[in-house]
Each structure stands twice: as structure tokens, then as C-alpha cells.
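**Student:** coords please:
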Amino acid sequence: MSDETSSSPIVGFRTLLTKTVDGVLSEKVLFSFFENGDVDPARPQQTVVGRLKLAPARSVNPAARNTMNWQIEMTAGTAELAISMLDYPDLVVKERDMVKPLERPGAKWWSVASADPRGGARLVIQLVQE
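**Tutor:** Numbering: from 1, shown residues only. I've put the predicted structure just below:
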């Protein structure tokens, strides 16, 4: 991206808007880091602040039947966590790391499905509940 584009009013406004919305909607989450299925001693647990959006649970019918006897419901829990890399420049997130919302009573752990750095300033993490 050229200097001309990065200093444009539109990009600046979008950055300000994103930062404002994240500031209002952000919450504390706890990361527990893993390597090959075991706790990673090189990456101790860390509390960060980010915007966590939970996707609504979906019901699916794998049998594709119309009768009540055949209907099977499966709940697929997914979420997205957006973190400012400006606030956490040393944060390294890998697939299968675990995340727990700290401000939601009774919240369960989520597993990292993927992490997308989106240009370096923002880390977007896809989460699944197992």
C-alpha cells in the first residue's frame, strides 16, 4: 500500500471507527497455548482484550428426513475474535490453542481453528467449540 493510500481520510476514518467499536465491544479473554497437544511452556497463558463475536448456533439435519423420528440436530458453535496487534505485538496464536472468555459467567473454552493477521494491525481468529 502506498503512502498516499495509507494516509487517505477514508483509511484513517475506517481505522478510527474500528478502534472505537472494538473499544466499546471488547472483552477480556484468556489464551492457553498448546504445542503438539501439550501446554506450550514457551508461551505462558495470557489475558488479552479483543472483540469476541459468537455466531448463532445452527441446527442441521444430516438425514435429510422430514419426520420427527429421523431429525437429528447438531449444534455447531463458532466465534470470531479480533485483536489489535498494536496492543499485543508479541502474541503468537496457533491452531488448536484455547481461548476462554473471562467476562461471560460459565463460558466454556474455545479452540482456535485459524488465525488471519489481515495486514499486521489486526489479528482475526476463527474459534470453534469442541
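**Student:** tell me which residues in the strand ranked longest in the chain are buried?
**Tutor:** Using DSSP state E to define each element, the chain has its longest strand at strand 46-54. For strand 46-54, a neighbour-count test (16 or more other Cβ atoms under 10 Å) marks 48-52, 54 as buried. Heads up, the C-betas are built off the backbone N, CA and C, glycines and all.
**Student:** helices and strands around it, which ones?
**Tutor:** Judged by 3 or more Cβ pairs under 8 Å, 6 or more residues apart in numbering; DSSP states H and E, the packing partners of strand 46-54 are helix 9-25, strand 27-32, strand 78-84.
**Student:** now, of these, which is deepest in the fold?
**Tutor:** With neighbours taken as mean count of other Cβ atoms under 10 Å, the helices and strands packed on strand 46-54 reach their highest mean count in strand 78-84, at a mean of 19.
**Student:** Just checking, which helix or strand succeeds that strand along the chain?
**Tutor:** Downstream of strand 78-84, the next assigned helix or strand under DSSP states H and E is strand 98-101.
**Student:** Can you tell me the strand partners of that following strand and which way each runs?
**Tutor:** strand 27-32 (antiparallel), strand 110-116 (antiparallel) (DSSP bridges).
**Student:** still on that earlier bit, could you dump the longest strand of the chain to CSV, C-alpha only?
**Tutor:** Below are the C-alpha coordinates for strand 46-54, written out as CSV (Å, rounded to 0.1, in the frame of the first residue of the first chain):
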residue,chain,number,x,y,z
GLN,A,46,-2.0,-14.6,28.6
THR,A,47,-5.0,-12.4,29.1
VAL,A,48,-5.8,-10.1,26.2
VAL,A,49,-8.6,-7.8,25.2
GLY,A,50,-10.4,-8.3,21.9
ARG,A,51,-13.8,-8.2,20.2
LEU,A,52,-15.5,-11.7,20.5
LYS,A,53,-18.5,-12.3,18.2
LEU,A,54,-20.4,-15.5,18.7
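**Student:** Hmm, residue 33 and residue 97 touching each other?
**Tutor:** Yes. If you go by Cβ atoms under 8 Å, residue 97 and residue 33 touch, sitting 5.1 Å apart.
**Student:** quick revisit: got CSV for the helices and strands packed on strand 46-54, with mean pLDDT and distance to residue 127 too?
**Tutor:** Output for those, formatted as CSV (pLDDT from 0 to 100; distance: least, Cβ to Cβ, whole Å):
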stretch, mean pLDDT, distance to residue 127
helix 9-25, 75, 16
strand 27-32, 96, 10
strand 78-84, 91, 4
